[in-house]
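Q: what's the 3D shape of this:
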Amino acid sequence: MPLNTSFGGSIPESYDRYLGPFLFEPYAKDLVERIKNLNVTNVLEIASGTGRVTRHIRTSFPTTVKITATDINPDMLKIAKQNVENNNVEFRIADAQDLPFESETFDLVVCQFGYMFVPDKPKAFSEAYRVLKKGGILFFNTWDKLANNDVINTVNGIVTEFFENSPPQFYAIPFSMHKKQELSQLPKSAGFSDVTVTKVKKEGSSHSALEVVKGFIEGNPIINEITEKDPTAPPILISKAEKAVMKSYGIYAKSKLSAWIVKAVK
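A: The predicted structure is shown next:
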């Protein structure tokens, strides 16, 4: 799966350490609350990243439930293996557009904030449909529009200025699936029925404004573009963004987050 961008090298560690608590933990807990009482024996996670959702799935289901956690980025899975107790959990490098599994293998497929990065989304949803058993369920979430996620929008503005208002497209990608109609239609076109789309609002909170800013700048591939343009720029941008975030949202960067959760039944 040729992603629009690659999470490799030192990026996954910063991504998990700085963005994990602020962005991903609240929605990981929300997603797992929705699935924990399902009667399943075989779970597939797509775009498992550093294992935030994987860890909660493992602790929410009996160890007899097999979990297969996949990601396209080997360096992300390396962090996930450190974060998740390997108790009936298999980690595999896999392309969401071409899943290496037999048809009708899984009772449940979950994907947290992953489908936005997939170039061929209809193919990816068709693959999720294919590997699910009849009656199986797909749960996935995506971010709401950038303007509805305060701190991210603030940092995005500063980075956009640095690139003279013509930044690389990375920041746009995570927020590219924010239309409710699209979120409903993509699974339906793949064959899913009974599709429900719900907006979920949370509050993000970090150990410090500095940490969350480091996450948005050092914890994603935009750091490569920044360094290429000016190797001295990252600490300057981080300092500027930290001051802006602290001014508006305080030392812990407490601010609103907005995302969508989708449930689709095969």
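
Q: neighbours around residue 105, how many?
A: 17 (other CB atoms under 10 Å). Quick note: C-beta positions are derived from backbone N, CA and C, even for glycine.

Q: swap that for residue 213, sorry
A: Count around residue 213 with other CB under 10 Å applied: 28.

Q: Is it in contact with residue 249, as I believe?
A: No - using CB atoms under 8 Å, residue 213 is not in contact with residue 249, being 10.8 Å away.

Q: What residues of stretch 32-46 count as buried?
A: 32, 34, 35, 40, 42, 43, 44, 45, 46 (16 or more other CB atoms under 10 Å).

Q: do stretch 176-184 as well
A: Buried, per 16+ other CB under 10 Å, within stretch 176-184: 176, 177, 178, 183, 184.

Q: Report all helices and strands that the host helix or strand of the fourth one contacts.
A: Counting by DSSP states H and E, the element that carries residue 183 is helix 180-190. If you count contacts as 3 or more CB pairs under 8 Å, 6 or more residues apart in numbering; DSSP states H and E, helix 180-190 packs onto helix 121-131, strand 193-204, strand 255-265.

Q: if we can go back for a sec, can you add pLDDT and distance to residue 240 and give the buried residues of stretch 176-184 back as JSON lines?
A: Conversion of those to JSON lines gives the following (pLDDT from 0 to 100; distance: CB to CB, whole Å):
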{"residue": "176", "pLDDT": "93", "distance to residue 240": "26"}
{"residue": "177", "pLDDT": "96", "distance to residue 240": "29"}
{"residue": "178", "pLDDT": "97", "distance to residue 240": "27"}
{"residue": "183", "pLDDT": "98", "distance to residue 240": "34"}
{"residue": "184", "pLDDT": "98", "distance to residue 240": "39"}
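
Q: where in the chain is pLDDT low?
A: For the chain, the stretches flagged by pLDDT under 70 are 1-10, 170.
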